[in-house]
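> Dropping the sequence and predicted coords here.
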Amino acid sequence: MFRRLLPLFIIIPIVELALLIQVGRWIGLWPTLALIATTGFLGAALASHEGLRAWRAFQVELHEGKVPGRPILDGLSIFVGGALLLTPGLITDVLGFSFILKPSRRWVQDRVVNRFGGRLIRQGQVFVQMPGGWRSRGGGGEGTDGRPPGREVGQQNDNERSE
């Protein structure tokens, strides 16, 4: 894990600094500083706006009784994008905007879910339950309805509540 984080904390800031120095030579000190400040303010405003949209979508899906998977991913992506935009640098700004703007955010999320979600499902770490509980399909005892034994969910269906 440390070897994977090393480039994040050492190489990326060095590249960012070199790029900012080069941009400063091309367009000057003050325009470069203005560019950094503008992307920071614009990113914060955009992250706030998109974050509120994700929060509303989260609340709507919860109200409708759905699992708010996409709004949770949106909120996490917007948070990461906002943090990247507050970091001075052009590479982090491009990455930050890609996490905040909806089309590129969806593209990134789809790649992450396809890569890690499939692995979790294959390893048996993701379980999906219908709102009525495991036994709502008329299955018999434990383990006969397709779920692994020992993974009981503490939810009762309507028949068990009335007894």
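Yep, that arrived. Numbering: from 1, shown residues only.

> need the contact list for the residue nearest to residue 62 when sequence neighbours are not counted.
Closest residue in space to residue 62, ignoring its immediate chain neighbours: residue 68 at 5.8 Å, by C-beta to C-beta, 6 or more residues apart in numbering. In this view, the C-beta of every residue, glycine as well, is placed from N, C-alpha and C. Counting by C-beta atoms under 8 Å, 6 or more residues apart in numbering, residue 68 makes contact with 57-58, 61-62.

> Adding distance to residue 80, secondary structure and neighbour count, write those residues out as CSV.
Output for these, formatted as CSV (distance: C-beta to C-beta, whole Å; DSSP: H, G, I helix; E, B strand; the rest coil; neighbours: other C-beta atoms under 10 Å):
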residue, distance to residue 80, secondary structure, neighbour count
57, 18, helix, 16
58, 17, helix, 17
61, 21, helix, 16
62, 22, helix, 12
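
> Number of residues surrounding residue 77?
Residue 77 has 22 neighbours, counted by other C-beta atoms under 10 Å.

> ignore the last one, residue 95
19.

> Same check on residue 29?
9.

> How much space separates it from residue 58?
According to C-beta to C-beta, to the nearest Å, residue 29 stands 43 Å off from residue 58.

> Same question for residue 15.
Where residue 58 is concerned, residue 15 sits at a distance of 35 Å (C-beta to C-beta).

> hang on, the earlier thing: which one among the contacts of residue 68 gets closest to residue 110?
residue 57 (17.0 Å; C-beta to C-beta).

> quick one: that closest one and residue 71 touch, right?
Yes: counting by C-beta atoms under 8 Å, residue 71 is a contact partner of residue 57 at 4.2 Å.

> Local confidence estimate at the residue nearest to residue 62?
pLDDT for residue 68: 84.

> go on, the one 10 residues further on?
Per-residue confidence (pLDDT) for residue 78: 93.

> Test my guess that it contacts residue 48.
No: Residue 78 is beyond contact range of residue 48, at 9.0 Å (criterion: C-beta under 8 Å).

> So for the two, which sits in the more crowded spot?
Shown here are residue 78 and residue 48; by other C-beta under 10 Å, residue 78 has more neighbours (26 against 12).

> Which SSE is immediately downstream of the helix or strand where that one lies?
Secondary structure assignment for residue 78, by DSSP states H and E: helix 69-86. Downstream of helix 69-86, the first helix or strand assigned by DSSP H and E is helix 90-100.

> show me where the protein has helices.
2-6, 12-27, 29-63, 69-86, 90-100, 102-112, 118-122, 158-162 (DSSP state H).

> pLDDT averaged over the longest one, what's the number?
For helix 29-63, mean pLDDT is 91.

> Sweet, I'm off.
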